[in-house]
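Visitor: generate a structure from the sequence data that follows.
(chains A and B)
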2 protein chains.
Amino acid sequence: MAELPLPPGSVIGVLGGGQLGRMLALAAARLGFDVAILEPEPDSPAARVAAHAIVGAYDDPAALAELAKLASVVTYEFENVPAAAVARLAEMGVDVAPGPLALAVAQDRFEEKTFLNANQAPTVAFAPADTAAEAEAAVARIGAPALMKTRREGYDGKGQRWVEHAADAGRVFAELGGVPVIVEAPAEFVRELSVIAARGRDGATAVYPLAENHHENGILRRSLAPAFASPALADQAERIAARVLKGLDYVGVIGIELFELKDGRLLVNEIAPRVHNTGHWTQDGCEVDQFEQHIRAVAGWPLGPTAPAARVEMLNLLGEEIEGWRKLAAEPETRIHLYGKREAKPGRKMGHVNKVKPLR
Amino acid sequence: MAELPLPPGSVIGVLGGGQLGRMLALAAARLGFDVAILEPEPDSPAARVAAHAIVGAYDDPAALAELAKLASVVTYEFENVPAAAVARLAEMGVDVAPGPLALAVAQDRFEEKTFLNANQAPTVAFAPADTAAEAEAAVARIGAPALMKTRREGYDGKGQRWVEHAADAGRVFAELGGVPVIVEAPAEFVRELSVIAARGRDGATAVYPLAENHHENGILRRSLAPAFASPALADQAERIAARVLKGLDYVGVIGIELFELKDGRLLVNEIAPRVHNTGHWTQDGCEVDQFEQHIRAVAGWPLGPTAPAARVEMLNLLGEEIEGWRKLAAEPETRIHLYGKREAKPGRKMGHVNKVKPLR
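Guide: Numbering: from 1, shown residues only, chains lettered A, B, ... in the order given. Reported below is the predicted structural model:
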């Protein structure tokens, strides 16, 4: 296993070569680490800022062996890393952080909500279903309208549909591919919030201030942070984060999406065992951003401070919106973060900006 | 010539693969650019965070042709870039910024001081000498003790010696290699300061607050910024920066080292046509640091804000001092920047830290 804390000059491996991998690589470089990216696509955004780029499938044994040879520690930018890949790396003596439990929980919406509830992190009511008949029964139990989601895969609003009436459950189940699903009660939330938190290898935790998030068509559009929140609300979020981190024996940064209910209670919508789009504001709002924090955690370094230094409005640049860079570059308060993606497909996350304002 | 402002996705070339090239590459990546590094040594700090790495001499025609094919704009991390390389790139239609005048002036201490005086940027008294006899005459004219420096090369205190008595001038001239020199009167300064400034392709300028600098054995040890300075002093520095930038028809970030005299006047010690060690504090003290500012300027983007957001003490980590990373990583106020250099030779700049404090 790697010598911890990991000395500068060591190689940190990252599974995934998108924008999160890219920003992790940039943060790792600042701390004197080299980075090795494993990603199926050549010329990926992260590979172009990394010392080593391995092009291969995440479960390709040769690619994993190459990564294991280079890297002392491996992390990832997305939660759908094959469990077999992590097991394979572990066999070769490479520590993967966050660990297999976090991945297993995050890869299955039913496991996720079950884990959350077992750890006093409240969620909406839910029920699993593996067949059309079970789906109907689940909707009947939860009550319509309900949200039906595939247990696995699915992100940015994909792999989920509303069931307006219990009688529609079988049809929706089929439309989702006839795969195992979870049926969820709708959350009657007043706001979507998120908390970005980190846990070090020593069990120490650090929690960033809450972000208030606005989605469009299932895709994050805008985050405001620190969100205006009562001390009680912030405290509730911190307690949820602490329970989740401890329950997963977690190492790294986690993104926890929350619903704020009318009565002030928070429910957990979902967790992402990685740096998170709603944490991009920390790049220009905190001294240590979520990317450096994640690298610190997986490298066994002490966590950095999470206090806000500014108020930030984060806006995602989707698809052709990246063409607005000329105008954005001229705004004094706007910090620009672009991902180097070659093609601006509709809805694709091409970059983001942080509009920086004084804290108060 | 390149389309300006340079669109994200373009390649920016950097001559030099050291820490300044590395931090320029990281800043360029944040803005969505790819970077091509040309550097004689393989496995350089900058190459390990760049999309393209060309290993070759700076004046190697094949290497320059490869760089010209990739890059829309080329910049550099050090002022001793061969003039022929810049000319060659220009012939191939590649714009080099800062331009040839800045390089010519910065490469020759006599040209530099002549330029400065011609542009109302005051310096100590100085005289050139090409022979031992001229050196004696120069010291006699300037008065001993005087500082004798080679006109070309020399950095971090190298290529310079004190002449205690006029009679020693011939010997010191020989010790410096018998090459053309400049003899300078000593500056009776109370403080060493520096100003980091930038000029865009549209002629707009932006000036960072003054830094107060402390050297040891000719190497920068520590910068404090914003330096405590009267508005009159800051104004004087800004006027000097404006004259230098305009006089050089400059594009990019420049480092201007200053002596503060007892009577409150500022003299220019030297100029560096590049990002500068005394500007590293901007990484954690300003919203747009000197590296992004330089990339913005050479890419033809609007300049960013230069107002300070924090007070910073920048400390260089020289040689074995990098071994202090464990302790430094645990200090909440300390931001760490390491360069990924493989070998910690004595006096070698291995990294720096910015200790961040509230502005007031």
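Visitor: can you list the residues of the stretch 51-200 of chain A near chain B?
Guide: Taking C-beta under 8 Å from any C-beta of the partner chain as the criterion, the neighbours of chain B within the stretch 51-200 of chain A are residue A:51. To be clear about C-beta, it is placed using only N, CA and C from the backbone, and glycine gets the same treatment.
Visitor: could you count how many residues lie near residue A:3?
Guide: Residue neighbour count, defined by other C-beta atoms under 10 Å in any protein chain shown, stands at 9 for residue A:3.
Visitor: I'd guess it is in a helix, am I close?
Guide: No - Residue A:3 sits outside any helix when classified using DSSP: H, G, I helix; E, B strand; the rest coil, being coil.
Visitor: report the closest residue of the stretch 101-250 of chain A relative to chain B.
Guide: Across the stretch 101-250 of chain A, no residue is closer to chain B than residue A:206, which sits at 10.3 Å (C-beta to the nearest C-beta).
Visitor: show me which residues of stretch A:341-349 are buried.
Guide: Buried residues in stretch A:341-349, counting neighbours by 16 or more other C-beta atoms under 10 Å in any protein chain shown, are found at A:341, A:344, A:348-349.
Visitor: report pLDDT for residue A:64.
Guide: The predicted local distance difference test score for residue A:64 is 98.
Visitor: that should have said residue A:166, apologies.
Guide: As summarised for this prediction, residue A:166 has a pLDDT of 89.
Visitor: tell me how many other residues surround it.
Guide: Under the neighbour criterion other C-beta under 10 Å, residue A:166 is assigned a count of 19.
Visitor: quick one: which of the buried residues of stretch A:341-349 is nearest chain B?
Guide: For the buried residues of stretch A:341-349, the residue nearest chain B by C-beta to the nearest C-beta is residue A:341; the value is 8.4 Å.
Visitor: surely that closest one meets residue A:43?
Guide: No - between residue A:341 and residue A:43 no contact is recorded; they are 10.1 Å apart, counting by C-beta atoms under 8 Å.
Visitor: what do the two both touch?
Guide: Common contact partners of residue A:341 and residue A:43 (C-beta atoms under 8 Å, 6 or more residues apart in numbering or on different chains): none.
Visitor: helices along the stretch 51-200 of chain A, start to end?
Guide: Under the criterion DSSP state H, counting those that start in this stretch, the stretch 51-200 of chain A contains helices at A:61-70, A:83-91, A:100-106, A:109-118, A:132-142, A:169-175.
Visitor: for the last one, name the packing helices and strands.
Guide: Translated: helix A:169-175. Identification of packing neighbours for helix A:169-175 by 3 or more C-beta pairs under 8 Å, 6 or more residues apart in numbering or on different chains; DSSP states H and E yields helix A:132-142, strand A:146-150, strand A:160-163.
Visitor: any idea which of the ones you listed is most buried?
Guide: Using mean count of other C-beta atoms under 10 Å in any protein chain shown, the stretch among the helices and strands packed on helix A:169-175 with the largest mean neighbour count is strand A:146-150, at a mean of 23.
Visitor: C-alpha coordinates for it, CSV please?
Guide: What follows is strand A:146-150 as a C-alpha-only set of coordinates in CSV (Å, rounded to 0.1, in the frame of the first residue of the first chain):
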residue,chain,number,x,y,z
ALA,A,146,-44.8,8.9,-7.6
LEU,A,147,-41.4,9.0,-9.2
MET,A,148,-40.1,5.7,-10.7
LYS,A,149,-36.3,5.5,-11.2
THR,A,150,-34.0,2.8,-12.4
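Visitor: about what we covered before: and the residue of the stretch 101-250 of chain A closest to chain B, how far is that from residue A:276?
Guide: Computed with C-beta to C-beta, to the nearest Å, the distance linking residue A:206 and residue A:276 is 15 Å.
Visitor: residues contacting the closest residue to residue A:183 other than its chain neighbours?
Guide: In space, and not counting its chain neighbours, residue A:183 is closest to residue A:138: 4.0 Å by C-beta to C-beta, 6 or more residues apart in numbering or on different chains. In this structure, residue A:138 makes contact with A:127-129, A:146, A:169, A:183, judged by C-beta under 8 Å, 6+ apart.
Visitor: again, only this time at 6 Å
Guide: With contact set as C-beta atoms under 6 Å, 6 or more residues apart in numbering or on different chains, residue A:138 has these partners: A:127, A:129, A:183.
Visitor: count of neighbours near the first one?
Guide: It refers to residue A:127. 20.
Visitor: same check on residue A:72?
Guide: 22.
Visitor: equivalent analysis for the one 4 residues further on, please.
Guide: Counted by other C-beta under 10 Å, the residues lying close to residue A:76 total 26.
Visitor: can you name the residues bridging to it?
Guide: In this structure, residue A:76 has the following beta-bridge partners (DSSP bridges): residue A:15.
Visitor: picking that back up, name the SS class of the residue of the stretch 101-250 of chain A closest to chain B, please.
Guide: Taken by three-state DSSP, the conformation at residue A:206 corresponds to strand.
Visitor: contacts only, for the nearest residue to it once chain neighbours are set aside.
Guide: On the basis of C-beta to C-beta, 6+ apart, the spatially nearest residue to residue A:206 that is not a chain neighbour turns out to be residue A:303, at 4.3 Å. If a contact means C-beta under 6 Å, 6+ apart, then residue A:303 has A:198, A:200, A:204, A:206, A:296 as its contacts.
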